[in-house]
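*Asks:* have a look; sequence and predicted model below, questions after that.
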Amino acid sequence: NAGVTQTPKFQVLKTGQSMTLQCAQDMNHNSMYWYRQDPGMGLRLIYYSASEGTTDKGEVPNGYNVSRLNKREFSLRLESAAPSQTSVYFCASSEWGKGYTFGSGTRLTVV
Amino acid sequence: GQQLNQSPQSMFIQEGEDVSMNCTSSSIFNTWLWYKQDPGEGPVLLIALYKAGELTSNGRLTAQFGITRKDSFLNISASIPSDVGIYFCADAGGTSYGKLTFGQGTILTVHP
């Protein structure tokens, strides 16, 4: 049971570089989410996709874009990375009656 | 937006002790969710509460949805080393599957 798979697990970027964080779920969930976790601040929602074909901004969307490629995959893109985007990023999926499942995270450092 | 305030921020306890942590909100909630995050992993749901006054247990864990609907607490009895981690309260706007708003987390350290 893979659940939610995130790649890569670790990444170091230079300021201004771009990258895409990948997320895939195999539970046939309709909704998918991207959160970031910073010390002392819990997890904050960046973007979410309530269902295939839709995406919406969360609490902290600036500097990010997302793509819901299909029902399984939801990617997060940083077009021009900044040190303030150093964080741990979590992808999650959910479905009515089945609750939430989180991936194990991507630790991103921007230098 | 709504805010969740979780306390304490951290706890250092001896194995076997009981633990209590709580969460308060600036607005009325329809759900309270309690998650645990192990080091290097994503959060995992421990207990979900949907009704004011509800008291729910999951093994050594007990959580309650406050009568005012603005607070919740989580108790862990007879702590063990594997209880180490970060505990979060969260709200999902009345469901267990919508957008989540998290508290700041309580870091629990258990000394053998």
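*Replies:* Right, received. Where do you want to start?

*Asks:* and the strands in the chain?
*Replies:* Going with chain A. For chain A, the strands defined by DSSP state E cover A:4-7, A:10-13, A:19-25, A:31-37, A:43-49, A:56-57, A:64-68, A:74-78, A:87-95, A:99-102, A:106-110.

*Asks:* actually it's chain B I care about, not the one you picked
*Replies:* B:4-7, B:10-14, B:19-25, B:32-37, B:43-49, B:55-58, B:61-65, B:71-76, B:85-91, B:101-102, B:106-111.

*Asks:* CA atoms only: put the third one into PDB for me.
*Replies:* It stands for strand B:19-25. The C-alpha atoms that make up strand B:19-25 are tabulated as PDB, following Å, rounded to 0.1, in the frame of the first residue of the first chain:
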ATOM      1  CA  VAL B  19       0.300  13.900  29.200                       C
ATOM      2  CA  SER B  20      -2.300  16.600  28.600                       C
ATOM      3  CA  MET B  21      -2.400  19.200  25.800                       C
ATOM      4  CA  ASN B  22      -5.100  21.500  24.500                       C
ATOM      5  CA  CYS B  23      -6.200  23.600  21.600                       C
ATOM      6  CA  THR B  24      -8.300  26.700  21.500                       C
ATOM      7  CA  SER B  25      -9.800  28.600  18.600                       C
END
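
*Asks:* in that strand, which residues are buried?
*Replies:* Neighbour-count burial for strand B:19-25 flags B:19, B:21-25 (criterion: 16 or more other Cβ atoms under 10 Å in any protein chain shown). Where C-beta positions appear, they are placed from N, C-alpha and C, glycine not excepted.

*Asks:* what packs against it?
*Replies:* The helices and strands touching strand B:19-25, judged by 3 or more Cβ pairs under 8 Å, 6 or more residues apart in numbering or on different chains; DSSP states H and E, are strand B:4-7, strand B:10-14, strand B:71-76, strand B:85-91.

*Asks:* so what strands line up beside the last one?
*Replies:* Paired strands of strand B:85-91, with direction, are strand B:32-37 (antiparallel), strand B:101-102 (antiparallel), strand B:106-111 (antiparallel) (DSSP bridges).

*Asks:* number of residues surrounding the closest residue to chain A within chain B?
*Replies:* Nearest residue of chain B to chain A: B:G42, at 2.9 Å (Cβ to the nearest Cβ). B:G42: 23 surrounding residues under other Cβ atoms under 10 Å in any protein chain shown.

*Asks:* where does the chain dip in pLDDT?
*Replies:* This is for chain A. A:1, A:97-98 (pLDDT under 70).

*Asks:* wait, chain B was what I had in mind.
*Replies:* In chain B (pLDDT under 70), the answer is B:1-2, B:94-97.

*Asks:* quick revisit: got the contact list for the nearest residue to the residue of chain B closest to chain A once chain neighbours are set aside?
*Replies:* Distances taken as Cβ to Cβ, 6 or more residues apart in numbering or on different chains put A:F102 closest to B:G42, at 2.9 Å, once the chain neighbours are dropped. The contact partners of A:F102, taken as Cβ atoms under 8 Å, 6 or more residues apart in numbering or on different chains, are A:4, A:90-92, B:41-44.
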